[in-house]
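Novice: A structural model of the following input is requested.
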Amino acid sequence: MMKKLLLILSICMMWSCNNSKTKDTKQAEEKVQLTAKDIFGNPDYLAMSYGGYRYEDHGKEPTIDQLKEDLKLLAALNIKLLRTYKVHKPQAINLLKAISELKEEDSSFEMYVMLGAWIDCKNAWTDGAPNHNEESAANEAQILVTAHLANKYPDIVKAIAVGNEAMVKWATTYYVEPWIILKWVKHLQDLKKEGKLPKDLWVTSSDNFASWGGGGEEYHVEDLNNLIKAVDFLSVHTYPMHDTHYQPEFWLNQEGLEGKTDMEKIEISMLRAKEYAMTQTSNVKKYMQSLGIDKPIHIGETGWASFSSGHYGTNGSKACDEYKEALYYQHMRDWTNEAGMSCFYFEGFDEPWKGGDNPGNSEKHFGLFTVDGKAKYVLWDEVDKGTFEGLTRNGNPITKTYGGDKEALMKDVEVPPTPEAWHASQNNH
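Specialist: Residues are numbered from 1 along each chain as shown. Sure thing, here's the model as predicted:
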């Protein structure tokens with residue numbers, strides 16, 4: 001295990017930034033340094049989940065220059081708070097270095113990070129049977145490196161998230177029982193108390209709404225209650241898009257759709273999706289308050305794919321297209337900004353390595369940008385305004401999908417099915 005820790009620390013050092021700031025400059029920075037409390041829930045600091053992998057081969061890391069390309073595009077959209085997922089690959093380390101270099105090049109550049117530590121159960125991702133009540137030996141290294149990076153980049157890393165959907169029971173390959181997350185959250189909180197981590201650093205876990213008590217009673221265990229007491233805030237995931245297939249009742253409900261045009265039906269359905277996300281988040285809050293606890297809740301992840309050849313496409317719930325993605329994005333921004341919540345929207349850029357070999361898998365199509373730098377419908381107005389003038393993605397100037405032809409785009413937009421049509425489509429597949 002010690003060899004593994006030393007190896008990962010050496011990776012940190014390999015990609016570390018060799019800044020040579022003067023003592024006076026550092027002191028000046030510290031005086032004006034914002035804390036998590038200043039940034040989270042602040043609509044001037046919009047949040048985004050970030051993955052910069054541009055190739056089908058997940059082993060092909062984005063370069064520092066490619067990361068800077070992405071950071072400039074996100075900053076142009078007023079995104080100033082990013083969420084990462086793991087530190088056993090170089091991307092997160094390089095991202096921090098890229099942000100640090102951009103700040104050196106331009107003192108007005110701002111970007112902050114919620115750094116993710118990936119948590120697995122014993123035998124996760126192996127041929128062995130997952131043991132959900134024991135943890136992977138690799139977890140310790142994840143925590144060690146995230147703590148190291150939080151200390152190395154205190155001006156950038158403002159929160160650490162222990163685990164990504166690591167407690168939700170449908171993550172059968174790797175989920176852990178809450179006591180494992182609690183153990184590491186307490187460890188990080190103790191480091192703060194001992195002065196070994198910045199005292200203003202926030203610590204949480206980023207997980208499904210059900211894992212935070214907003215779903216079934218099987219999650220309502222004492223270790224979860226203690227976890228809610230231990231974190232600085234709750235980072236809650238909500239995915240109405242997925243539930244257009246798995247919990248489709250809200251999506252198929254025909255009440256209020258009688259006599260409406262197709263466009264009105266779509267708009268009503270997307271408002272329902274927003275309300276569905278709000279309800280899941282509200283259920284988490286109710287559970288938290290039932291414990292006599294009142295802490296901030298932020299949306300750690302939510303999103304809407306622009307294409308699906310599977311459950312959410314033409315032969316399923318008809319949920320995915322660029323028009324609905326745009327509506328959902330705006331609804332979530334409007335709600336969370338007004339509510340004083342951060343929303344780590346998933347995600348900035350399509351990631352082709354996700355979702356297996358099927359190019360139509362929805363997991364490949366959650367980005368606001370395509371891999372090659374086309375802005376999806378949600379960003380067309382930004383293209384018109386010149387927001388991305390002089391910026392590129394994969395070396396390409398930012399242009400609109402569909403060549404900017406809205407009529408062509410709308411041909412791919414389908415009305416959510418009736419319950420009868422939906423069930424018939426499921427029976428045929």
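
Novice: OK, contacts around the nearest residue to Glu322 once chain neighbours are set aside?
Specialist: Among residues not flanking Glu322 along the chain, Tyr377 sits closest, at 4.0 Å (CB to CB, 6 or more residues apart in numbering). For the C-beta atoms, the positions are set from N, CA and C on the backbone; glycine is no exception. Shown in contact with Tyr377 (CB atoms under 8 Å, 6 or more residues apart in numbering): Ser306, Glu322, Tyr323, Glu325, Ala326, Lys400, Thr401, Tyr402, Lys406, Leu409.

Novice: give me that answer again for 10 Å
Specialist: 306, 321-327, 329, 368, 400-402, 404, 406, 409-410, 413 (CB atoms under 10 Å, 6 or more residues apart in numbering).

Novice: in strands, which of those residues appear?
Specialist: Taking DSSP state E as the definition of strands, the contacts of Tyr377 contribute Lys400.

Novice: out of the contacts of Tyr377, which are buried?
Specialist: Those of these that meet the buried threshold are 306, 321-327, 329, 368, 400-402, 409, 413, by 16 or more other CB atoms under 10 Å.

Novice: restricted to helices, list those.
Specialist: Glu322, Tyr323, Lys324, Glu325, Ala326, Leu327, Tyr329, Leu409 (DSSP state H).

Novice: surely the third one touches Met410?
Specialist: This means Lys324. No: the pair Lys324 and Met410 fails to qualify as a contact (CB atoms under 10 Å) at a distance of 11.3 Å.

Novice: dihedrals phi and psi, the residue nearest in space to the middle of the chain?
Specialist: The chain has Ser49 as the residue nearest its centroid, 3.3 Å off, counting by CA atoms, centre = their mean. When read as degrees, to the nearest 10, the backbone of Ser49 gives phi -80, psi 140.

Novice: how close does His187 get to Ser290?
Specialist: Distance of His187 to Ser290, computed by CB to CB, to the nearest Å: 27 Å.

Novice: comparing those two, which residue is more hemmed in?
Specialist: Applying other CB atoms under 10 Å to His187 and Ser290 shows that His187 carries more neighbours, namely 14 against 11.

Novice: grab the nearest non-local neighbour of the more buried one.
Specialist: Ile143 (6.5 Å).

Novice: which SS class is that neighbour?
Specialist: Classification of Ile143 by DSSP: H, G, I helix; E, B strand; the rest coil places it in helix.

Novice: my guess is it contacts Gln189, does it?
Specialist: No: using CB under 10 Å, Ile143 makes no contact with Gln189, being 11.9 Å away.

Novice: low-confidence regions, this protein specifically.
Specialist: Along the chain, segments meeting pLDDT under 70 span 1-31, 429.

Novice: only the C-alpha atoms, please, for stretch 397-406, written as CSV.
Specialist: C-alpha atoms of stretch 397-406 as CSV (Å, rounded to 0.1, in the frame of the first residue of the first chain):
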residue,chain,number,x,y,z
PRO,A,397,-13.7,27.8,-33.8
ILE,A,398,-17.0,27.5,-32.0
THR,A,399,-19.9,27.1,-34.5
LYS,A,400,-23.5,26.0,-34.1
THR,A,401,-24.8,22.4,-34.4
TYR,A,402,-27.2,21.8,-37.3
GLY,A,403,-25.3,24.7,-39.1
GLY,A,404,-27.5,27.0,-37.0
ASP,A,405,-30.7,25.8,-38.9
LYS,A,406,-33.4,25.7,-36.2
